[in-house]
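**Q** what follows is a predicted structure for the sequence shown.
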Amino acid sequence: MSAPAALTPVFVRLKLSLLRNGLRQSGGRKAAYIASAVVALLFAVLQLLGLIALRGSDHVESLVVLLVAVLGLGWAVMPLFFPGGDETLDPTRLVMLPLRPGPLVRALLAASLVGIGPLFTLCLLAGSVIAVAHGGVAFAVGVLAVPLALLVCVALARAVAAANVRLLTSRKGRDLAVLSGLVIAVGAQLVNFGAQRLGSSGLEQLAPAADVVRWIPPASAVGAVHSTGEGAYGVALAQLALSAAALAGLVAWWSRLLTRLMTSPDGSTLQAAGDSAAVRDRTSTGLARLLPPGRTGTAMERSLRYIRRDPKTKAAWVTSLAIGLIVPLFNAWQGTGSVYFACFAAGMLGIQMYNQFGQDTSAFWMVAMTISSGRDAYVELRARALALLLITLPYVALVTVLTAAVLGDWHRLAEALGLSFALLGAMLATGAWTSARFPYSIPQEGYKNVAPGQVGLAWISIFGGMVAAAVLCVPVIALTIWLNVSAGGEGRLWLLLPAGTAYGAALTYLGLRLAAPRTARRLPEILAAVSKG
């Protein structure tokens, strides 16, 4: 392995071995990998066929260069959110080997071309070239542009990963990784919004942005193919040169990062020690001073600390906050929404009340030791609900007001708020009950949010509780419909705000009262259920 030329095939075989051995760990992982591979390849083939079908369409080059630019952006950010997807992303594992940066860069770059992601990218790039290439010279340039753009994407991902390797292997990196669901959810909404806008107004509105993006690698490589077909050979040469220069710059940056990683000490331990000392020196400040005294305030502060510090809890809250805002507002902007869509925010945030004890994991025994009666359990559940309401009440009100403002439907603001508060109260009530009846464990490591063997409990808890909450809101929904259809009812719609608020508060109180004695009786069962992760 001392010869540089022999290093590349060794790393390619290493990558294949890592993939093969990872699939041998469990049948579930093998099934998940095969299923994801089939779906990704099927989507890649559909993308390829779709781009080929667009060949000859007006302004197709604008769509293609923007698509390749988004693809390159995805390669840049995905290592930050999915660091565990490729074991070779961490070059510090090779510190003890006598390897020079130059051969190591070439070997890692070749190994990076093995996998589903590069194959998907290759299909999309090939379809893009076919969609915009006109003439033999353009296709010849496309043969060069496809591997050049692919190498730019891979080198970009590797350089970004090397620049953030300390982050990716730290707790903050794991916090960032669990937020990947938010990226996917927000990205899906943006794609949906963009697709609807394109469907209504056509591809010509992409031209201004595409005129700029076609000069940014890796999109500039595909832009060179279109420029060649148009006879602008000088422009095509400049665009290819930009992609080649970007590849050279990324490889040089990557090489310098590898040199620094291989030769500099890891100061993360000292930093962690300093952070721990800083934490010990801090005392409760800010919001903690405003919380009620006694067990209620202590339990509320603990719940709020979970939201701020626990990676899985933080990811769930951030995702719910984002989706709860995006869905009603995006539908309002598209002119297809309603002010009632603001209830979606209450539903997304109300889910956080479900499986309250699962976020404690095995540490729930400390909470259980302080519960000796139904009264203690009631105070504990009430404190957790109050901590949730500190965030959800103002947020639901904000989303409802923004949705009404975008739609200009101010006269329905009061009834939408009443419905949202009623739904929130119903979900707090059912969430407290299902937390005691169907608790499950949340693994602290990895991306799974349910421990093996408890998926059924999670489905019953969340979806059963959501259906029950919807049923509990039927009286308020019926009252809303009656006031809207009855003669003179519109003048009394404002009554839905106090009525919905009072109804939601009553449901919350009743749900907590019913869940408290069950929680006190089932403490051993709850502890066993939440300790499996």
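**A** The structure has been received and is ready for your questions.
**Q** now for the lengthiest helix in the chain, which elements pack on it?
**A** Ranked by residue count under DSSP state H, the longest helix found in the chain is helix 374-407. Of the remaining helices and strands, those touching helix 374-407 by 3 or more C-beta pairs under 8 Å, 6 or more residues apart in numbering; DSSP states H and E are helix 294-309, helix 311-333, helix 343-350, helix 413-437, helix 496-521. (Glycine included, C-beta is placed from N, CA and C.)
**Q** out of the ones you listed, nearest to residue 135?
**A** helix 311-333 (41.4 Å; C-beta to C-beta).
**Q** buried residues in the strand or helix carrying residue 18?
**A** Element membership for residue 18 (DSSP states H and E) is helix 7-23. Buried residues in helix 7-23, defined by neighbour count with 16 or more other C-beta atoms under 10 Å: 7, 8, 11, 12, 14, 15.
**Q** right, and the last one touches residue 108 too?
**A** Spelled out, it's residue 15. No. Using C-beta atoms under 8 Å, residue 15 is not in contact with residue 108, being 9.2 Å away.
**Q** spit out the contact partners of residue 411.
**A** Residue 411 makes contact with 490, 493 under the criterion C-beta atoms under 8 Å, 6 or more residues apart in numbering.
**Q** swap the cut-off to 10 Å and go again
**A** Residue 411 is in contact with 339, 404, 490, 493, 494, counting by C-beta atoms under 10 Å, 6 or more residues apart in numbering.
**Q** tell me which two in those residues are the farthest apart.
**A** Every pair of these checked by C-beta to C-beta; the farthest is 404 and 490, at 15.8 Å.
**Q** save the helices and strands packed on helix 374-407 as a markdown table, and put in mean pLDDT and mean neighbour count too.
**A** Written out in a markdown table, the entries for those read as follows (pLDDT from 0 to 100; neighbours: other C-beta atoms under 10 Å):
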| stretch | mean pLDDT | mean neighbour count |
| --- | --- | --- |
| helix 294-309 | 87 | 16 |
| helix 311-333 | 83 | 20 |
| helix 343-350 | 89 | 26 |
| helix 413-437 | 92 | 27 |
| helix 496-521 | 93 | 19 |
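**Q** one step back: can you select the buried ones from the contacts of residue 411 in ChimeraX?
**A** Filtering the contacts of residue 411 down to the buried ones (16+ other C-beta under 10 Å) takes a single ChimeraX command:
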select :339,404,493,494
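**Q** returning to what we had before: pLDDT (mean, whole number) over the helix holding residue 18?
**A** Predicted confidence along helix 7-23 averages 78 (mean pLDDT).
**Q** which strands or helices does that helix pack on?
**A** Other helices and strands packing on helix 7-23, by 3 or more C-beta pairs under 10 Å, 6 or more residues apart in numbering; DSSP states H and E, are helix 27-53, helix 101-112.
**Q** and whichever helix or strand comes after the last one, average pLDDT?
**A** Reading on from helix 101-112 to the C-terminus, the next helix or strand found by DSSP H and E is helix 116-132. Confidence over helix 116-132 (mean pLDDT, whole number) is 90.
**Q** quick one: average pLDDT of the helix or strand following helix 116-132?
**A** Moving toward the C-terminus from helix 116-132, the next helix or strand (DSSP H and E) is helix 136-163. Taken as a whole, helix 136-163 has a mean pLDDT of 90.
**Q** quick one, helix 136-163 and helix 116-132 angle?
**A** Note on geometry: by axes from the mean of the first three to the mean of the last three C-alpha atoms, to 10 degrees, helix 136-163 and helix 116-132 are set 150 degrees apart in direction.
**Q** for helix 136-163, what is the distance to the chain centroid?
**A** From the chain centre to the centre of helix 136-163 is a distance of 27 Å (C-alpha atoms, centre = their mean, to the nearest Å).
**Q** ok, back up a step: select, out of the helices and strands packed on helix 374-407, the one closest to residue 258.
**A** Among these, if distance is taken as C-beta to C-beta, the winner is helix 311-333, at 28.5 Å.
**Q** pLDDT at the closest residue to residue 60 other than its chain neighbours, what is it?
**A** Closest residue in space to residue 60, ignoring its immediate chain neighbours: residue 54 at 4.7 Å, by C-beta to C-beta, 6 or more residues apart in numbering. At residue 54, the predicted lDDT confidence score is 85.
**Q** can you offset everything so residue one is 56?
**A** Let's use 56 as the start, then, which means that last one is residue 109.
**Q** what values do phi and psi take at residue 109?
**A** For residue 109, the backbone dihedrals (degrees, to the nearest 10) come out as phi -80, psi -10.
**Q** surely it touches residue 103?
**A** No. With the criterion set as C-beta atoms under 10 Å, residue 109 and residue 103 do not qualify as a contacting pair; they are 11.1 Å apart.
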